[in-house]
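Undergrad: Make a model of this:
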Amino acid sequence: IALAAGAALESWIGLSGIFWATALLSLVGIAVLHLWVPTPTRLVNHRDIEPSKQQFLNVFRNPDIMRMVFSIMILHCLLTISFFALPIALFKEAGLPTDQHALAYLPVLILAFISMVPFIIIAEKYRKMKPVFIGAIATLVIAQIGWSFLTDSIAGMLFCLWLFFTAFNILEASLPSLMSKLSPLANKGTAMGVYSSAQFIGAFIGGISGGFVFTQFGLSGVFITGAVLTTIWLIFILPMRAPKHLSTRIIHISNINTENVTNIAQQINDIAGVVETIIVLEEHVAYVKYAPDETDVSVLDTFVVE
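TA: As a prediction, this is how the structure comes out:
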């Protein structure tokens, strides 16, 4: 929505107007948060989603997590690089007036969203996450190479844009799921914090590098840089182990104490399909990671301390 709306607004209120609109929307967001979002009566910090400073080293040493962190950083770097050059290419090379960019973007984005759905179903339902993930990265390479050679063709540029956003949507939807599956329960909050930071760092790097490469090597240089960057990403991600299909559940246990905590953890771990359990005495809860295909969820929901 932002890409299409931004292109439309630029022809109406200009570039400075877009920044003013951004500031206005920020104020609207503050008002919505203050006036309509209810204040919780009880605040509970769930340890599996709370970043922990002590866990940063564990996160940075985990190759699976760092592949996901690197992936989201490169993905958003690539997005910023591409949309630094794409509007210029469409206007100066392909001859598409700027006031028509929104009309070009919107149908392509809708089609890309529809095209994404079957691949997400294949990845999640049929446990083909790794091949779908790698295929999406390879598609980004193709899109970048296509842009570098088709800058004077509106149809060619928009076709590559469809490829780009189909792959981008697949990766954007898959990465949080992969982070959840690959992160140990004790490190999940810290891992997600690093992941979110990498996302915005990538966008920042993309903006700077896109401008620099454009001034040195022109439009084709920007797209070739994107293709090289994505190829490095593809090589980096190939050793990734296929993730297990896992879910997380919180079990509330009222009668837990220092004397029976070890026994309770063992009882939960003995349930078929459970792969990891962390018990937090202060919260009287157990965080359980399990394989849905192998676990009777009703056993977890009705767990009773023996």
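Undergrad: What strand or helix carries the closest residue in space to Phe236 that isn't next to it in sequence?
TA: Nearest residue to Phe236, sequence neighbours excluded (CB to CB, 6 or more residues apart in numbering): Phe70, at 6.3 Å. In this view, the C-beta of every residue, glycine as well, is placed from N, C-alpha and C. Per DSSP states H and E, Phe70 falls inside helix 63-88.
Undergrad: coming back round to it: model confidence for the residue nearest to Phe236, exactly?
TA: Listed pLDDT for Phe70 reads 95.
Undergrad: And Leu79, by the same measure?
TA: Per-residue pLDDT puts Leu79 at 94.
Undergrad: Could you pull up the residues touching it?
TA: The contact partners of Leu79, by CB atoms under 8 Å, 6 or more residues apart in numbering, come to Phe168, Ala203, Gly206.
Undergrad: can you count the residues close to the second one?
TA: Number of residues near Ala203 (other CB atoms under 10 Å) recorded here: 17.
Undergrad: helix or strand right after whichever strand or helix holds it?
TA: Take DSSP H and E as the rule and Ala203 turns out to sit in helix 188-237. Next along the chain after helix 188-237, taking DSSP H and E as the criterion, comes strand 247-252.
Undergrad: for the chain, where's the lowest mean pLDDT among helices and strands?
TA: Among the helical and strand segments of the chain, the one scoring lowest on mean pLDDT, DSSP states H and E is helix 297-301, with a mean of 80.
Undergrad: how close does Tyr195 sit to Phe133?
TA: Separation of Tyr195 from Phe133 (CB to CB, to the nearest Å) stands at 15 Å.
Undergrad: any idea how far the residue nearest to Phe236 is from Gln55?
TA: In terms of CB to CB, Phe70 sits 18 Å off from Gln55.
Undergrad: How about Pro292?
TA: Counting by CB to CB, the separation of Pro292 from Gln55 is 26 Å.
Undergrad: higher neighbour count, those two?
TA: Set Pro292 next to Gln55 and count neighbours by other CB under 10 Å: Gln55 wins out with 18 against 11.
Undergrad: okay, the more buried one: pLDDT?
TA: 78.
Undergrad: That one is in contact with Ala186, isn't it?
TA: Yes - under the criterion of CB atoms under 8 Å, Gln55 makes contact with Ala186 at 6.7 Å.
Undergrad: Residues in contact with both of those two, list them for me.
TA: Counting by CB under 8 Å, 6+ apart, no residue touches both Gln55 and Ala186.
Undergrad: circling back: show me what counts as buried in the helix or strand just after the helix holding Phe70.
TA: Using DSSP H and E, the helix or strand that follows helix 63-88 towards the C-terminus is helix 101-125. Within helix 101-125, the residues that qualify as buried by neighbour count (16 or more other CB atoms under 10 Å) are 101-102, 104-106, 108-109, 112, 115-116, 119-120, 122-123.
Undergrad: pLDDT below threshold where in this structure?
TA: Scanning the chain for pLDDT under 70 picks out the ranges 40-53, 304-306.
Undergrad: Residue ranges of each domain in it, please.
TA: If you go by automatic domain parsing, the domain ranges for the chain are 44-237, 247-301.
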